[in-house]
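**Q** Turn this into a structure:
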Amino acid sequence: MARGIATLIAAALLLGGCSSTGNLGLATKSMADPGSLITNAGRYKEIGPATGSACRYIAIGIIPWGDSTVTKAVGNALEQTGGDALINVSVTSSLYTFVPIYNVFCFTCTSVEGDRRKA
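**A** This next block holds a predicted model:
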């Protein structure tokens, strides 16, 4: 019993993480014109669901690489499946760290889910 509790405490000290979720009404490609998408809102077709993600990594607390922005995640979702925007978007951001006291390695990922639309 004590060994199990000690293992659980050790795992909690070596690995930490958190996650948050939010919602957006419309997310577009970075090169899209959101104004025209909104004014022409009545003339679009939903073409199915799409998901995408983007991650950023940091080693030893000073060496970053990658891009975890919502823009990158939306771009990845639309690049894989087509379409010019996502509607009814759910965004989840997660942060995970290994050996959090010393910040040896951590990464953050942003995931998006939504319905693709095409003008």
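**Q** Downstream of the lowest-mean-pLDDT helix or strand in the chain, the next helix or strand is which one?
**A** Using mean pLDDT, DSSP states H and E, helix 34-39 stands out as the lowest-scoring helix or strand of the chain, at a mean of 61. Next helix or strand after helix 34-39 toward the C-terminus (DSSP states H and E): strand 45-59.
**Q** elements contacting that next one?
**A** The contact analysis (3 or more CB pairs under 8 Å, 6 or more residues apart in numbering; DSSP states H and E) places strand 45-59 against strand 63-66, helix 70-81, strand 105-118. C-betas here are computed from N, CA, C, even on glycine.
**Q** make it 10 Å
**A** strand 63-66, helix 70-81, strand 85-98, strand 105-118 (3 or more CB pairs under 10 Å, 6 or more residues apart in numbering; DSSP states H and E).
**Q** Tell me where the protein is predicted with low confidence.
**A** Under the criterion pLDDT under 70, the flagged ranges of the chain are 6, 8-17, 29-43, 100, 119.
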